[in-house]
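Visitor: Okay, structure incoming, though there's no sequence with it:
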């Protein structure tokens with residue numbers, strides 16, 4: 001599929017913890033990327049009311065139990081999330097977000113399947129093509145490396161927007177190496193999945 005025809009969606013979630021088997025999603029954001037353009041005005045963002053709350057997680061995302069008490073449950077947002085992620089999911093360490101979503105959809109009888117593109121893995125691919133060190137592949141490092149102004153980190157909407165911007169720049173850089181289709185982008189990311197060096201949030 002030509003990149004201009006592909007539907008990419010930069011996503012990010014905030015959670016009550018890091019264990020997808022027992023922790024819950026408390027916010028979700030999605031920024032569409034169509035025809036290689038980041039459609040900021042079509043961003044979807046929602047808080048999600050969990051069944052339990054981990055106070056320790058608040059230091060990362062700043063969302064209190066009080067902030068979430070009137071938010072919809074995941075079940076109430078599930079149909080909309082399915083609708084706004086009907087394509088290829090893009091994000092930093094996006095498999096983390098995808099695993100949480102998949103586990104939240106499962107009790108609803110929904111088998112959630114999507115192709116994934118991790119911008120940290122794409123960055124590793126690009127740095128190796130340019131014969132430079134992998135270096136730090138954290139989202140903070142990528143934001144700095146691409147000269148983006150940093151605001152509201154660990155807010156799902158902001159982090160999804162950063163991922164969308166970085167991905168858009170990476171697409172232009174990868175075009176110079178003949179990466180001109182969605183399938184090639186996915187393969188490039190997968191090819192670096194099991195390379196050494198860690199990727200931090």
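Guide: That came through fine. These figures come from a predicted structure and were not determined experimentally.
Visitor: Tell me where the model's unsure across this structure.
Guide: 53-62, 64, 195-201 (pLDDT under 70).
Visitor: where exactly do the strands run in it?
Guide: Secondary structure of the chain (DSSP state E): strands at 7-15, 25-34, 37-38, 44-47, 88-91, 116-118.
Visitor: Give the pairing partners of the longest one; include direction for each.
Guide: Using DSSP bridges, the strands paired with strand 25-34 in its sheet are strand 7-15 (antiparallel), strand 37-38 (antiparallel), strand 44-47 (antiparallel).
Visitor: Then the fifth one?
Guide: Each strand that pairs with strand 88-91, with its direction, by DSSP bridges: strand 7-15 (parallel), strand 116-118 (parallel).
Visitor: deepest of those, which one?
Guide: strand 7-15 (a mean of 24; mean count of other C-beta atoms under 10 Å). (Glycine included, C-beta is placed from N, CA and C.)
Visitor: Just give me how far it sits from the chain centre.
Guide: The chain centre lies 4 Å from the centre of strand 7-15; the measure is C-alpha atoms, centre = their mean, to the nearest Å.
Visitor: still on that earlier bit, I'd like the strands of the chain written out as CSV, with distance to residue 141 added.
Guide: Formatted as CSV, those follow (distance: least, C-beta to C-beta, whole Å):
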stretch, distance to residue 141
strand 7-15, 17
strand 25-34, 20
strand 37-38, 20
strand 44-47, 24
strand 88-91, 15
strand 116-118, 14
